[in-house]
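Colleague: Give me the fold of what follows.
(2 chains, ligands or ions: 1)
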Amino acid sequence: MEKFTTLRSGLVPLPIENVDTDQIIPARFLKATTREGFGENLFADWRYAADGQPKPDFVLNEPRYQVHRILLAGKNFGCGSSREHAAWALYDAGFRVVISSYFADIFRGNALNTGLLPLQVTPGELRELFALVEQDARAEVTVELPGQTLLVPGRREPIRFELDAYKKECLLNGYDDIDFLISQESAITAFEQQRTWVF
Amino acid sequence: MPHTLFDKIWDAHVVREVAGGLSVFYIDRHLIHEVTSPQAFDELTARGLTLRRPGQILATADHNVPTRHQDQPIQDPLSRSQVDKLTENCARHGVELFGLGHPYQGIVHVIGPELGLTQPGLTIVCGDSHTSTHGAFGTIAFGIGTSQVTQVMASQCLLLDKPRRMRITVDGELQPGVSAKDIILHIIAQLGTGGATGYFVEYAGSAIRSLSIEGRMTVCNMSIEMGARGGLIAPDATTFQYLHGRPFAPQGEAWDRAVAYWQTLFSDEDAQFDAELHFDAAAISPMITFGTNPGMGMPLAASIPALPEAAEAPSFEKSLRYMGFAAGESLLGKEISHVFIGSCTNSRIEDLRTVAAYVRGKHKAAHVEAIIVPGSQQVARQAIAEGLDQVLAAAGFELREPGCSACLAMNEDKIPAGAYCVSTSNRNFEGRQGPGARTLLASPLVAAITAVEGRLVDVAEYV
Ligand code: SF4
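Modeller: A predicted model of the protein is given here:
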């Protein structure tokens, strides 16, 4: 997993609630057996017409947003299927942060395991951020993971965001849970010997 | 101190607590399938790791398999390579596979229970969000992402924070024509798609107790659709009776010990929940969804609600636009062209019996395409043994071979763009059943009646 410390970038606004993982990456694109290449089909049904042509009015197809690496989305982002492919697709398409006022549990975990930061703000802060992009599509914010802050131009105070301390360490250092779990080998073996509920 | 059912099982599975409220949490059984496992096997190999407990893993091919001609090679090259990859990986790593052609093959959440692999007090995970289905047995079961699949493969553990506990009590008697599916659609319509985020839900109450195991699975199955990490129901005589004699259930003296333990699995009298909700079973009607998430549901005979408050209005409107419906509209009389009966929510033998009982001696409407995809080979064989296949064929329903099929439309079973499909599955997301497809979630009985009438009708007049 790649390390994450700070990121300065513009925002891609997707003011839709309950964006489910079937929208992020439709099931018919899950036939690959590797992790790469899903970015092309990110939001495929919103992004491309039936003939495969990009729909000009979908935000990812607008040239002014192409370089931005932060997705700004409505509440309950990533609900639905457990497919980690959704996080891979966002990452593969260049996103490193998703900002929303609420993330579905499995998506949040998958994102963190992929090196994609799910940054949760309050509903009020989310409205502010949408208003900011609406005013200026090029406005850039800065995500600082060490201090857990989001610096927003024109805002007096930075936005503080919560993140589990362990997960933060993982992102900062680029490790994942496997390394840690493997290191628990002896405790796990001892535990297995006293399981009484398997018959 | 009194404990909830969830706490009893969870706490028993904590190997150790680590900093920051996380625990190393032990997984008893791990189910895998062709779509979310290949990258996990590759990751394992890339790191030079092996499967820690191959005997605690079971594999099947379900998400991406055709539902016709399963005896022949898979036509679609990508699907074929995915299924082949699973076969290779299982052979190489010593994992038992109930693949295509195996008498136990089927949807992962249908076969675990019917083989008796799913037992009270266990922890079960699978790279599929509807793993919550197994909670019907008093099991802590939940879906995980592919990175976590790798973690369980390597360590038989996950690093987790403990969810909060919610209890949903449904008391009273169901009205005729109202089933487990309606109970859960009703609850989700009340709570919304994020209403139980961060919680593990215990379902309780007389209406839940009176459900069969199949019905309980339907309820637990859709827990994830309101954001819950999972759902579970305390095991009881119904549970034990269902498990008795199944291929992987304990036998003989082990069975007696198992039941003695399973009988301790319930929430103590004064156990505290972080949230408690109550529903009256008698107030639940046959349900239908009208939007593009499972929370957008209503009694079939009701009208689509008016637009919600400002903040939520754009998403609600977008959803109705996709469905071709308007706020305030009644759906009665709406013509339906497709009916899909299947998925891990409603593809068990009881569901097929419900459908067959209704359509016996009737015929589907001429313009309707009605397909039934049994959840497993065992369900399919049982249907044939009971003659249900004949009844369904005579009624113009097409009985397919087991798999996930049009639940997620990875294979060729897709609903055409713009078409309305009444489906017994669990998700009505945009494009879930094929690009542009419009899904209305309902119970098997509502699906059967719709297929015969060719349009949505008030179920009360048909039962
Ligand atoms: S039937 Fe549908 S919901 Fe169930 S496991 Fe298959 S794809 Fe997932």
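
Colleague: so A:His107 touches A:Ala87, yeah?
Modeller: You called it His, but residue A:107 is Phe. Yes. With contact defined as CB atoms under 8 Å, A:Phe107 and A:Ala87 form a contacting pair (6.9 Å). For glycine as for every other residue, the C-beta is placed from the backbone atoms N, C-alpha and C.

Colleague: Return every residue with contacts to both of the two.
Modeller: Contact criterion CB atoms under 8 Å, 6 or more residues apart in numbering or on different chains; no residue bridges A:Phe107 and A:Ala87 by contacting each.

Colleague: surely A:Thr122 meets A:Ser101?
Modeller: Yes. When contacts are counted by CB under 8 Å, A:Thr122 is listed as touching A:Ser101 (6.3 Å).

Colleague: in the stretch 1-150 of chain B, what spans have low per-residue confidence?
Modeller: Under the criterion of pLDDT under 70, none of the stretch 1-150 of chain B is flagged as low confidence.

Colleague: Downstream of the longest strand belonging to chain A, the next helix or strand is which one?
Modeller: Taking residue count as the measure and DSSP state E as the definition, the longest strand of chain A comes out as strand A:6-14. Sequence-wise, the next helix or strand downstream of strand A:6-14 (DSSP states H and E) is helix A:21-24.

Colleague: Rounded mean pLDDT for stretch B:263-281, please.
Modeller: Model confidence over stretch B:263-281, given as mean pLDDT, is 98.

Colleague: ok, residues contacting the longest helix seen in chain A?
Modeller: If each helix of chain A is counted by residues according to DSSP state H, the longest one is helix A:123-135. Identification of contacts with helix A:123-135 by CB under 8 Å, 6+ apart yields A:10-11, A:13, A:15, A:72, A:74-75, A:99-101, A:121, A:139, A:141, A:152-155, A:159, B:311.

Colleague: residue contacts, the residue in the stretch 51-200 of chain B that the ligand sits nearest to?
Modeller: When distances are taken as CB to the nearest ligand atom, the stretch 51-200 of chain B reaches nearest to the ligand at B:His130, 4.4 Å away. Remark: with contacts taken as CB under 8 Å, 6+ apart, B:His130 is in contact with B:His109, B:Gly143, B:Asn221, B:Met222, B:Ile224, B:Cys344, B:Thr345, B:Asn426.

Colleague: and the last one, how many neighbours?
Modeller: In this case it means B:Asn426. 27 (other CB atoms under 10 Å in any protein chain shown).

Colleague: Could you report the pLDDT at the nearest residue to it once chain neighbours are set aside?
Modeller: With CB to CB, 6 or more residues apart in numbering or on different chains as the measure, B:Thr345 is the residue that lies nearest to B:Asn426, at 4.5 Å, once sequence neighbours are left out. B:Thr345 is assigned a pLDDT of 98 by the prediction.

Colleague: And the one 3 residues further on, by the same measure?
Modeller: According to the model's per-residue confidence, B:Arg348 sits at a pLDDT of 98.

Colleague: That one contacts B:His109, doesn't it?
Modeller: No. Taking contacts as CB under 8 Å, B:Arg348 lies outside contact range of B:His109: 10.0 Å.

Colleague: Mind telling me what element the nearest residue to A:Thr114 once chain neighbours are set aside is part of?
Modeller: Distances taken as CB to CB, 6+ apart put A:Ala87 closest to A:Thr114, at 4.1 Å, once the chain neighbours are dropped. In this structure, A:Ala87 sits in helix A:85-92 according to DSSP H and E.

Colleague: B:Tyr322 and A:Asp57: what is the separation?
Modeller: Here B:Tyr322 is placed at a distance of 15 Å from A:Asp57 (CB to CB, to the nearest Å).

Colleague: Also A:Ile182?
Modeller: Computed as CB to CB, the A:Ile182 to A:Asp57 distance reads 48 Å.

Colleague: of the two, who's got more company?
Modeller: Each of A:Ile182 and A:Asp57 has its neighbours counted (other CB under 10 Å); A:Ile182 has more, 16 against 8.

Colleague: so who does the more buried one touch?
Modeller: If you count contacts by CB under 8 Å, 6+ apart, then A:Ile182 has B:Leu49, B:Ala154, B:Ser155 around it.
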